[in-house]
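Asks: Here you go, sequence then predicted model.
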Amino acid sequence: DAKTTQPTSMDCAEGRAANLPCNHSTISGNEYVYWYRQIHSQGPQYIIHGLKNNETNEMASLIITEDRKSSTLILPHATLRDTAVYYCIVRAGASQGAQKLVFGQGTRLTINP
Amino acid sequence: DSGVTQTPKHLITATGQRVTLRCSPRSGDLSVYWYQQSLDQGLQFLIQYYNGEERAKGNILERFSAQQFPDLHSELNLSSLELGDSALYFCASSVGTTGVGTDTQYFGPGTRLTVL
């Protein structure tokens, strides 16, 4: 699986959009970009994933650049409850057989009142 | 709530002992994964089972073993425990798609193991 690079920490004001970048310059054509977050010591929570196109769900939006070498997770209106460590993970599709998730250090996002 | 359940929530034991952690996957999921999160190692994949069969192995110690039962719940057995085994242990489950597309994993709340 391709390696990802994320900033160690970020701050965002409550109510503003939080934009979390991720670089994955060695991503392959069949690899997906996944985002999870971990609030304190809770289990990682799935947020969103994408292959090529931008994706949006009730939690966040995922913007993937055209060359797929980087992506941005957007939390449109951050709340204090969004304070967490956010992990960007690149992994192959199911048909490639690589099922495990490889977690890096992630970005520690702090939402400030 | 992800739909994945894990018991117990906390476990305190002594070195040399053996413990069993239990995981029930989301309804309909065939794959179960175990991960370990310690302070110095981060989240690390241990092992995956699919419909009762071992599918992939990560950095799992020989003292650790797992299995998935016919009802699809899974158990992670940790034996000859050492201080360094103190960690959070997470179970995740997924449908187990093997064809086109991807297969999203959903995590349980974890078991915090403390070895004294």
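Replies: Now that the structure is in, tell me what you want to look at. Keep in mind that what you see is a predicted model, and the values were worked out from it rather than measured.
Asks: which bits of chain B sit near chain A?
Replies: B:2, B:4, B:31, B:33, B:35, B:42-45, B:48, B:55-56, B:58, B:88, B:90, B:92, B:94, B:97-110, B:112 (CB under 8 Å from any CB of the partner chain). (Glycine included, C-beta is placed from N, CA and C.)
Asks: Of those, grab the buried ones for ChimeraX.
Replies: In ChimeraX syntax, the buried subset of the residues of chain B next to chain A is picked out as below (16 or more other CB atoms under 10 Å in any protein chain shown):
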select /B:2,4,31,33,35,42,43,44,45,48,55,56,88,90,92,94,97,98,102,103,104,105,106,107,108,109,110,112
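Asks: Which members of the residues of chain B next to chain A are positioned in strands?
Replies: Cross-referencing those against strands under DSSP state E gives B:31, B:33, B:35, B:42-45, B:48, B:55-56, B:88, B:90, B:92, B:94, B:106-107, B:112.
Asks: Now the spatially most central residue of chain B. Nearest residue, chain neighbours left out?
Replies: Residue closest to the mean C-alpha point of chain B, counted by CA atoms, centre = their mean, is B:W34 at 2.7 Å. Sequence neighbours aside, B:L46 is the residue nearest to B:W34 in space, at 4.3 Å (criterion: CB to CB, 6 or more residues apart in numbering or on different chains).
Asks: neighbours around the one you found, how many?
Replies: For B:L46, the count of nearby residues is 21 (other CB atoms under 10 Å in any protein chain shown).
Asks: before we move on, what about B:S27?
Replies: Using other CB under 10 Å, B:S27 has 8 neighbouring residues.
Asks: Mind pulling the model confidence for it?
Replies: At B:S27, the model reports a pLDDT of 95.
Asks: again, but for A:Q96
Replies: 57.
Asks: Could you do A:R37 as well?
Replies: Per the predicted model, pLDDT is 98 at A:R37.
Asks: what about it, which helix or strand?
Replies: In this assignment (DSSP states H and E), A:R37 forms part of strand A:31-38.
Asks: is chain B contacted by that strand?
Replies: Yes: on the criterion CB under 8 Å from any CB, strand A:31-38 is in touch with chain B at A:32, A:34, A:36, A:38.
Asks: Do I have it right that B:F69 meets B:Y49?
Replies: No: contact criterion CB atoms under 8 Å: B:F69 and B:Y49 do not qualify, at 9.6 Å.
Asks: residue contacts, the most centrally placed residue in chain A?
Replies: In chain A, the residue lying closest to the centroid (CA atoms, centre = their mean) is A:W35, at 3.2 Å. Listed by CB atoms under 8 Å, 6 or more residues apart in numbering or on different chains, the contact partners of A:W35 are A:20, A:22, A:46-49, A:60, A:62, A:73, A:86-89.
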